[in-house]
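1. The sequence isn't on hand, but the structure is:
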């Protein structure tokens, strides 16, 4: 019976605090036993979760962004790791060393920028279904992990993007509003880093697929910039209507 | 147009008046339908009706009978009363010629 109560506590925590309070009170008042209470709470949680999926945003966040971006970020992560390995091996040649450090610094910043913006976008778009989005990130990772064989790289090389991604997810989920200047600045910086990296790595137009892949990974940052622009416009509209109301009251 | 469960919930809440909250609404619906009603169905429907502006909810007082937990009180708004009336009229009209309808059903209300 203790296990049932423990489960009940855990499952009911998924509900909003006010709803949990009211529902548990109702079930207590109706004299339901622990098992029936658990069944009812699980039913409500499932209904709530299913309700979130009626919207398009969780689908886009999980399958439109998380899955493809997980593959791309893992690719970027492996490339960066192999860059570090090459740097360690070529540390004897002074000229090469300086050039490599430069390009690797830019690549590191770029991977962090891609991961953070991607996490922020997913976190802000699917606040209530963020667990599913995280699973959507993990599925390609586990798939690649099981098939990863390299003599020069460790499996950990797949994971370099995880920390900035987690930070972005956390901040996005908290619902922090991104300012217009900050949003545009982040998008511009990420785009500039992507261009610098591609020019540095391919030495110009070079590999088209790499350019496409790079620009696709830059898209979340521009989505955030557009969202911040919308938010700024909404604020402006609200301010204007408040001002008009005040003027109306004064007159 | 309301759904049938939405209509039942509105009617139960209107009948209960000041004592309408999750547990009493559920009890009322179970009494009327003679079937078990999941608490999840009650709460998701209340949310839907509230989003449509047909009911208003707020957290009420806690009682020892409820283990010291607060109630979520429900009140039907004028828009909810209007929607319920429209649903009832439509059901009565469509049932006018049904063999199971009692005589006199379907008269305008």
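-> Ah, there it is. Please read all numbers here as calculations on a predicted model, not as lab measurements.
2. In the stretch 151-251 of chain A, which residue sits nearest chain B?
-> Going by Cβ to the nearest Cβ, chain B is nearest to residue A:175 of the stretch 151-251 of chain A, at 19.7 Å. (Glycine included, C-beta is placed from N, CA and C.)
3. Now do the phi/psi pair for that residue.
-> phi 80, psi 20 (degrees, to the nearest 10).
4. is residue B:58 in a bridge, and if so with what?
-> residue B:73 (DSSP bridges).
5. distance of it from residue A:29?
-> Distance from residue B:58 to residue A:29, counting by Cβ to Cβ, to the nearest Å: 18 Å.
6. And for residue A:168?
-> Using Cβ to Cβ, residue A:168 is found at 43 Å from residue A:29.
7. need the helices for chain A, in chain order.
-> Applying DSSP state H to chain A gives helices spanning A:2-12, A:17-29, A:34-52, A:57-59, A:67-89, A:94-125, A:130-147, A:162-173, A:180-202, A:208-250.
8. Dump those into JSON lines; add mean pLDDT, mean neighbour count and distance to residue B:100 as well.
-> Formatted as JSON lines, the helices of chain A follow (pLDDT from 0 to 100; neighbours: other Cβ atoms under 10 Å in any protein chain shown; distance: least, Cβ to Cβ, whole Å):
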{"stretch": "helix A:2-12", "mean pLDDT": "84", "mean neighbour count": "13", "distance to residue B:100": "42"}
{"stretch": "helix A:17-29", "mean pLDDT": "91", "mean neighbour count": "21", "distance to residue B:100": "34"}
{"stretch": "helix A:34-52", "mean pLDDT": "91", "mean neighbour count": "16", "distance to residue B:100": "32"}
{"stretch": "helix A:57-59", "mean pLDDT": "89", "mean neighbour count": "18", "distance to residue B:100": "43"}
{"stretch": "helix A:67-89", "mean pLDDT": "87", "mean neighbour count": "17", "distance to residue B:100": "53"}
{"stretch": "helix A:94-125", "mean pLDDT": "85", "mean neighbour count": "20", "distance to residue B:100": "50"}
{"stretch": "helix A:130-147", "mean pLDDT": "87", "mean neighbour count": "16", "distance to residue B:100": "46"}
{"stretch": "helix A:162-173", "mean pLDDT": "91", "mean neighbour count": "20", "distance to residue B:100": "53"}
{"stretch": "helix A:180-202", "mean pLDDT": "86", "mean neighbour count": "17", "distance to residue B:100": "62"}
{"stretch": "helix A:208-250", "mean pLDDT": "84", "mean neighbour count": "14", "distance to residue B:100": "53"}
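9. Export these as a markdown table, with columns for distance to residue B:89.
-> Listed next are the helices of chain A as a markdown table, based on distance: least, Cβ to Cβ, whole Å:
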| stretch | distance to residue B:89 |
| --- | --- |
| helix A:2-12 | 40 |
| helix A:17-29 | 32 |
| helix A:34-52 | 30 |
| helix A:57-59 | 38 |
| helix A:67-89 | 50 |
| helix A:94-125 | 42 |
| helix A:130-147 | 43 |
| helix A:162-173 | 46 |
| helix A:180-202 | 51 |
| helix A:208-250 | 38 |
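10. Which of those sits closest to residue B:73?
-> helix A:17-29 (9.2 Å; Cβ to Cβ).
11. by how many degrees do the closest one and helix A:34-52 diverge?
-> Interaxial angle, helix A:17-29 versus helix A:34-52 (axes from the mean of the first three to the mean of the last three Cα atoms, to 10 degrees): 150 degrees.
12. outside of helix A:17-29, which residues touch it?
-> A:12-13, A:15, A:36-37, A:40-41, A:44, B:21-23, B:26, B:39, B:43, B:59, B:62-63, B:65-67, B:69-72 (Cβ atoms under 8 Å, 6 or more residues apart in numbering or on different chains).
13. Return the distance of that helix from the chain's centre.
-> 33 Å (Cα atoms, centre = their mean, to the nearest Å).
14. And for stretch A:194-213?
-> The answer for stretch A:194-213 is 24 Å, by Cα atoms, centre = their mean.
15. and the end-to-end length of it?
-> Criterion Cα to Cα, to the nearest Å; first-to-last residue distance in stretch A:194-213 is 10 Å.
16. What subset of the contacts of helix A:17-29 is buried?
-> Using 16 or more other Cβ atoms under 10 Å in any protein chain shown as the burial test, those include A:12, A:15, A:37, A:40-41, A:44, B:21-23, B:26, B:39, B:43, B:66, B:69-72 as buried.
17. what about residue A:225, distance to residue A:219?
-> Applying Cβ to Cβ to residue A:225 and residue A:219 gives a distance of 10 Å.
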